[in-house]
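Asks: Fold the following for me, if possible:
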Amino acid sequence: MRAHLHATVLPQETSVVPNQQASAGAAAGAQEPAGDPVQYRGHILPLDGLRGAGMLAVLLFHAFFDSNYPAAPGSWQAFLIRFTSLGAAGMTMFFSLSGFLITGILLDSVEKPHYWKNFYVRRALRILPAYLLMLVVLFAGHFVSGRFVLACLLYIGNMARLVGARSQEYGVMWTLAVEEQFYLIWPLFVRYVGRSKLLWLTLAGVVLTPFFRLLLASHGIETFLNTPSNVDCILSGALLAILLRNGTIHRGNIRKVSRWLAWVSGLLLLPIVLIALHGFSSRPVTVFMAAFKQPPILGLFAAYALWAVARHRKGGPAPSRTLRFFVFFGDISYGLYLVHQLVFRLYDKYTVHSVLGGFNSNFGLLFVRFLITSLIATGIAWLSRRYFEDLFLAQKNRLAPYKGDPQKPSVPEPGVLPGMETS
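Replies: Next up is the predicted model:
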């Protein structure tokens, strides 16, 4: 995988449960005092839809930009391939969404019984079954080495060289490593650091990480695989969850904050998009992109998340067909994220001596490759979700119930990158 993706996740259900005293009046749309914290419960479909859109963006990135297709400079094919490089933003968004949902769950359960057990049991039931099955398939098919499997079992896939493997034997595993390292450490901070200190710690991480990337990039050190370089992506979502719960962002200003973030982030993103589309590759531009292309994306995610929370009402209107389309891919995004690169590899292996194998020199065949592999990967991911992953997810409320909560939270906890939710 190229550096563009690494510089930037995984996903599923996007329910959040802040403020357990959500009043009936608020749920019915009654007016609340302007300074009251935003009270929301239940499943927020637009966040699932966002995860699905991010997964499709990553799929396009790997299918086209990561294909090494030799498009002629200045051609429409070259422009389209550069456009798909923007799909790397899907990973940045996945990290931020995970930080938002996980931090919200931790904050809402920090005073409840079985804080540690509930969190880690639910995480394990969501993440491990499909993850371990994927590792078995990859090793049995000789797609990865035993050392790389060991790195993935230790959740250091982004640092696989520590056990003598290559970090990119199977590209998507680096993001899962970043997520799991976050899961290991962050609950400790939420549990033992006061909320005020947690806010300032999170804000510092968001502000300082781009300059850390700048330091690394200016010295020729990679900025995409290591966990510290991705801290702001995760902590930006965590910061949003904290601000919603401490009342800084409240019912009276949430829409205004969302609009402000959208405008500012959109303006800041414009030069990033122009650079990506024109393919500038001078060293100063490369260093700038490595350091600062994430913050505008994170700002747009925050704007969208606040918009989704602000408009969320129990019993609201039925989702549109467009939203249902993206929610479908959000629902299967974890499995799709895990399997899609394997499907690409198998397609390339078994079509190399056929007419379909000419995609390296024929853009039409490259598009056919995208369609066939995407359909196959989507089918596998749907089957995995319905007949494998859901078997384990169904055990969450039995093995790790939310005892002590006056209402059973409908929080199929988030998850990590595509689909690592905890539905």
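Asks: The helix or strand containing Thr202: what's the following helix or strand?
Replies: When secondary structure is defined by DSSP states H and E, Thr202 falls within helix 195-218. Using DSSP H and E, the helix or strand that follows helix 195-218 in sequence is helix 231-245.
Asks: buried set for that following helix?
Replies: By neighbour count on 16 or more other CB atoms under 10 Å, the buried set for helix 231-245 is 231-245. C-beta here means a position set from N, CA and C on the backbone, and glycine is covered the same way.
Asks: out of the residues you listed, who's nearest Asp348?
Replies: Nearest to Asp348 among the buried residues of helix 231-245, counting by CB to CB, is Cys233 at 30.2 Å.
Asks: My guess is Arg166 contacts Met159. True?
Replies: No. The criterion here is CB atoms under 8 Å, and Arg166 misses it with Met159 at 11.2 Å.
Asks: Please say which of these two ends up with more neighbours.
Replies: Met159 (18 against 13; other CB atoms under 10 Å).
Asks: so the residue nearest to the spatial centre of the chain, which of the three states?
Replies: The residue lying closest to the centre of the chain (CA atoms, centre = their mean) is Phe94, at 1.3 Å. Look at Phe94: counting by DSSP: H, G, I helix; E, B strand; the rest coil, its state is helix.
Asks: Can you tell me how far it is from Phe301?
Replies: Taking CB to CB, to the nearest Å as the measure, Phe94 falls 10 Å from Phe301.
Asks: now do Ser98
Replies: Counting by CB to CB, the separation of Ser98 from Phe301 is 11 Å.
Asks: Quick check: neighbours shared by those two?
Replies: Taking CB atoms under 8 Å, 6 or more residues apart in numbering as the criterion, Ser98 and Phe301 both touch Gly237.
Asks: burial measure for Phe139, as a count.
Replies: 15.
Asks: Give the buried residues for the helix or strand containing it.
Replies: Take DSSP H and E as the rule and Phe139 turns out to sit in helix 115-140. Residues of helix 115-140 classed as buried: 118-119, 122-127, 129-131, 133-135, 138 (neighbour count, 16+ other CB under 10 Å).
Asks: One more: stretch 254-271?
Replies: Neighbour-count burial for stretch 254-271 flags Ile254, Val257, Ser258, Leu261, Ala262, Ser265, Leu268, Leu269 (criterion: 16+ other CB under 10 Å).
Asks: How about stretch 295-313?
Replies: 295-310, 312.
Asks: Please state the offset of that stretch from the chain centre?
Replies: Averaging C-alpha coordinates over stretch 295-313 and over its chain gives two centres that are 14 Å apart (CA atoms, centre = their mean, to the nearest Å).
Asks: And the contacts of it?
Replies: Residues outside stretch 295-313 that contact it (CB under 8 Å, 6+ apart) are 8, 16, 27, 29, 38, 40, 42, 44, 46-47, 50, 89, 92-93, 96-97, 100, 206, 210, 232-233, 236-237, 240, 244, 249, 254-255, 257-259, 261-262, 264-266, 268-269, 272.
Asks: buried set for stretch 138-154?
Replies: Leu138, Val144, Ser145, Arg147, Phe148, Val149, Leu150, Ala151, Cys152.
Asks: and those residues as CSV, adding distance to Phe182?
Replies: As requested, the buried residues of stretch 138-154 are arranged in CSV below (distance: CB to CB, whole Å):
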residue, distance to Phe182
Leu138, 23
Val144, 23
Ser145, 26
Arg147, 24
Phe148, 21
Val149, 22
Leu150, 21
Ala151, 17
Cys152, 16
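Asks: Closest one to Gln341 out of the residues you listed, please.
Replies: Leu138 (9.9 Å).
Asks: mind listing what the spatially closest residue to the closest one that is not a sequence neighbour touches?
Replies: Leaving aside its chain neighbours, Leu138 sits nearest to Val144 (4.6 Å; criterion: CB to CB, 6 or more residues apart in numbering). The contact partners of Val144, by CB under 8 Å, 6+ apart, come to Leu135, Leu138, Ala165, Glu169, Tyr170.
Asks: Wait, a helix at Val144?
Replies: No. Assessed with three-state DSSP, Val144 is coil; it does not lie in a helix.
Asks: distance of it from Arg161?
Replies: Taken as CB to CB, the span from Val144 to Arg161 is 14 Å.
Asks: now swap in Val178 and tell me
Replies: From Val178 to Arg161 the distance is 16 Å (CB to CB).
Asks: repeat for Phe392
Replies: According to CB to CB, Phe392 stands 32 Å off from Arg161.
Asks: same check, this time on Tyr69
Replies: Taking CB to CB, one finds Tyr69 at 29 Å from Arg161.
Asks: do Arg147 as well
Replies: Distance from Arg147 to Arg161, by CB to CB: 9 Å.
Asks: same thing with Phe367?
Replies: From Phe367 over to Arg161 the distance is 36 Å, taken as CB to CB.
Asks: which stretches of the stretch 251-400 of the chain form helices?
Replies: Along the stretch 251-400 of the chain, counting by DSSP state H, counting those that start in this stretch, helices occupy 254-278, 283-292, 294-311, 321-331, 333-351, 363-384, 390-393, 396-399.
Asks: Distance to Arg195 added to the ones you listed, as a markdown table?
Replies: Below are these laid out as a markdown table (distance: least, CB to CB, whole Å):
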| stretch | distance to Arg195 |
| --- | --- |
| helix 254-278 | 19 |
| helix 283-292 | 29 |
| helix 294-311 | 19 |
| helix 321-331 | 30 |
| helix 333-351 | 30 |
| helix 363-384 | 38 |
| helix 390-393 | 30 |
| helix 396-399 | 27 |
